[in-house]
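1. Generate a structure from the sequence data that follows.
(one chain, ligands or ions: 2)
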Amino acid sequence: EPPEPPGLPVLSPGAPPQTPDLLYADGLRAYAAGAWAPAVALLREALRSRAALGRARRDCGARCAAEPGAALPARLRDPWEPQLLRAALLRAECLGRCEARALGAGGAGRLRVGRALRDAFRRREPYNYLQRAYYQLKKLDMAAAAAHTFLVANPAHLQMREDMAKYRRMARIRPQNFRDLETPPYWATYDEGLELLGRQEAVLALPRLEEALQESLAYVESCRAGCEGVEEQQRNEEEEAGTGSQGGLYEAIAEHWIRVLQCRQHCVEDIATRPGRSFPVPDFLPSQLRWLHQAHAQVGNLSQALENVLSLLLFYPEDEAARKALEQYQAQLGQPLPSVGPREDIQHFIQRSLGEKQQLYYAMEHLEASFKDPDPWTPAAFIPEALREQLREDQEKRPWDHEPPQQKPSAHWKDVLLLEGVTLTQDASQLNGSERVMLDGLLTPAECGELLQLAKDATGARSGYQGRRSPHTPHERFEGLTVLKAAQLARAGAVRPQGAKLLLEASERARTLTQAYFSPERPLHLSFTHLVCRSAVEGEQEQRMDLSHAVHADNCVLDPDTGECWREPPAYTYRDYSGLLYLNDDFQGGDLFFTEPDALTVTAQVHPRCGRLVAFSSGGENPHGVWAVTRGRRCALALWHTWALEHREQERTEAQELLKASEEEGEEEEEDNGKDPSPEPPGRVLQGIHKAAKPSRVREEL
Ligand SMILES: O=C(O)CCC(=O)C(=O)O
Ligand SMILES: [Fe+2]
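-> Ligands and ions are numbered 1, 2, ... in the order given. Model (predicted):
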């Protein structure tokens, strides 16, 4: 065992927590020295300390807000200053005392977490180190949980995806070990509720949906309470940046209070943002009410359906569906029962939120405060006339306006998210088009390796399937492999059956995502799957002017002069969506690009890499081409999807049957092959060493 790094603090259980920053730094030092057990202890202590800090802040915030005399003025109207000053001082004093009691002398001030560390924790970086340290300590269940926790917040992290794939193959790790140690539980409840509702299981969905709403409201509460401490954190940062306020006492207090209010207004957004996502689920609370209403209505709980519809109307009094439902209930029930009103929790939330918005708008108008209302439901009448125009403009810049709407429980977003590790990297607007998307993380490097090997073996001498000159350019060779050909080659022993199987599986993965994203209501079928490699012909690359693939559209004949695209033969007119799943990036040139219908003006460009999927509608709105590949070999799965069942890829079924037949034949032999009981340790650092010793290890493990 390596020696312990010097200067490690002694951890004493029960003692007040130490600064998370220092603990984390010490943890990383221990990790670097290979002292796995102290590394784990310190990293966990850093997490614990940070959690304790947050908890104390929230508890004290809630307690001190309720102190007698600490109530804040309901309105920032003259003369608000003396009252605000008194209340703010009372609270600050109470907070200081309370936090010192919970966290030891100095309280939260002593333990404040720097910005860099806050970001690292938000990205769940400690779990990356914890995973590897646990692995070294042979605590596989904890390693799996740490890996899972990290991956949830970093779904595109390829190294971790590979590690995870290894953990999943280890028999000793049970599925329940892949726990998420950080995500608040309401997300799981919420997902389960929606899933059940999507499957028409309203009775089962109801308790989940109800619990999810209550839990998320509780998280909003605790987030709000945590806002009391914000000024301290921000002031420290401003001091570091030298941008503190220059005003007098009243100004400082008002500023502080405005910050607290702003922080509170963002709590719903906060809790509606899934780990690993950069934008919140839009309209989180109202949509939960919609689903609750829908579920209660389906089950026939009229009064609860009514209660939820009335609550929704508090957010959106003009909501048409809600009003219609309301009318219907009134007709059914006669006069609405006097005991049925909107939900109390929602009523309370809205009243308080509107009160705070009022103060913020006042501050915006009179105190030059800036405030960006995160809620789309704030009644227009609430916003001072002078500010409305400006706000409308700002609202149009909301990031999720460009995202596909998340309305129905089974909406495509959820399905997209369900594929572990996949992230949306660029949407249509980022790609300057209407129906285009780029997703990453569909394949692990090992999977790309397997498919590249398949392409390579398929062109090898044994297969008799030689690369030929490209139909698109004399300067490249072009090889294409269909699913059926791959299965036949596998059967003949010319390629690895795993590769042929993965070809089917990977294309299906891409299809699922393309359908989920573009066509959630209507099934898309693969109509053609083609593993394509383009290789530069050596010595012919000087001053090439041509493209690897000329600009074209996939389902119509493009006329660049008029910009029209004729959906007629020889085009494959039944193709509705195109997909390119890239396998490598170790070549020169070869970026995919989109153009205007003039086939000249480039509007977006995509650099291929392992696991990256570009999908787009196949029509004249998406003319595209490929830049010359000037060195190396560029491989991709080219996929075309169709709505027309009669054009689905017949060869797929055939290929599946072939592979299944060979699998059954091969079964007996495999039995005594004996699997290696100790897979190589995950992790970048360690993997290098093992790879050097056993170069083909990863491939064989698949
Ligand atoms: O390989 C690519 O990136 C694009 C290929 C393409 O557009 C096609 O085969 O129709
Ligand atoms: Fe194309």
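
2. tell me which parts of the stretch 451-600 of the chain are close to ligand 1?
-> Contact residues, the stretch 451-600 of the chain versus ligand 1 (C-beta under 6 Å from any ligand atom): 549, 554, 580, 592. Just so you know, the C-beta spots here come from the backbone N, C-alpha and C atoms, and that holds for glycine as well.

3. Tell me the confidence at the last one?
-> pLDDT, residue 592: 97.

4. what do you get for the one 4 residues further on?
-> As predicted, residue 596 sits at a pLDDT of 91.

5. helix/strand/coil for the closest residue to it other than its chain neighbours?
-> Counting by C-beta to C-beta, 6 or more residues apart in numbering, residue 603 is the residue found nearest to residue 596 once chain neighbours are left out, at 6.1 Å. Assigned state for residue 603: strand (three-state reduction, DSSP: H, G, I helix; E, B strand; the rest coil).

6. re earlier: secondary structure for the residues of the stretch 451-600 of the chain next to ligand 1 - can I get that in JSON lines?
-> Output for those, formatted as JSON lines (three-state DSSP):
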{"residue": "549", "secondary structure": "strand"}
{"residue": "554", "secondary structure": "coil"}
{"residue": "580", "secondary structure": "strand"}
{"residue": "592", "secondary structure": "strand"}
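
7. biggest separation within these, which pair?
-> The span of these, defined through C-beta to C-beta, is set by 554 and 592 at 12.3 Å.

8. give the contact list for the residue nearest to residue 596.
-> 431-433, 594-596 (C-beta atoms under 8 Å, 6 or more residues apart in numbering).

9. what's the closest of these to ligand 1?
-> Of all the contacts of residue 603, residue 594 has the smallest distance to ligand 1: 10.1 Å, by C-beta to the nearest ligand atom.

10. Name the strands paired with the one helix or strand the closest one maps to and say parallel or antiparallel.
-> Element membership for residue 594, per DSSP states H and E: strand 592-595. Sheet pairing of strand 592-595 (DSSP bridges) gives strand 602-606 (antiparallel), strand 624-626 (antiparallel).

11. residues making contact with the shortest one?
-> Contact partners of strand 624-626, identified using C-beta under 8 Å, 6+ apart, comprise 534, 547-553, 590-595, 599, 616.

12. hmm, which of these are the buried ones?
-> Among the contacts of strand 624-626, those buried by neighbour count (16 or more other C-beta atoms under 10 Å) are 534, 547-549, 551-553, 590-595, 599, 616.

13. Which one of those residues is nearest to residue 565?
-> Taking these together and measuring to residue 565 by C-beta to C-beta, the closest member is residue 553, at 5.2 Å.

14. ok now do the closest one, which residues does it touch?
-> 565, 571, 618-620, 622-624.

15. Leaving out sequence neighbours, find the closest residue to the closest residue to ligand 1 within the stretch 401-550 of the chain.
-> Closest approach between the stretch 401-550 of the chain and ligand 1, counting by C-beta to the nearest ligand atom: residue 549, at 5.1 Å. Nearest residue to residue 549 in three dimensions, chain neighbours excluded: residue 626, at 3.8 Å (C-beta to C-beta, 6+ apart).

16. Kindly report the same for residue 612.
-> Leaving out its chain neighbours, the residue that sits closest to residue 612 by C-beta to C-beta, 6+ apart is residue 582, at 4.8 Å.
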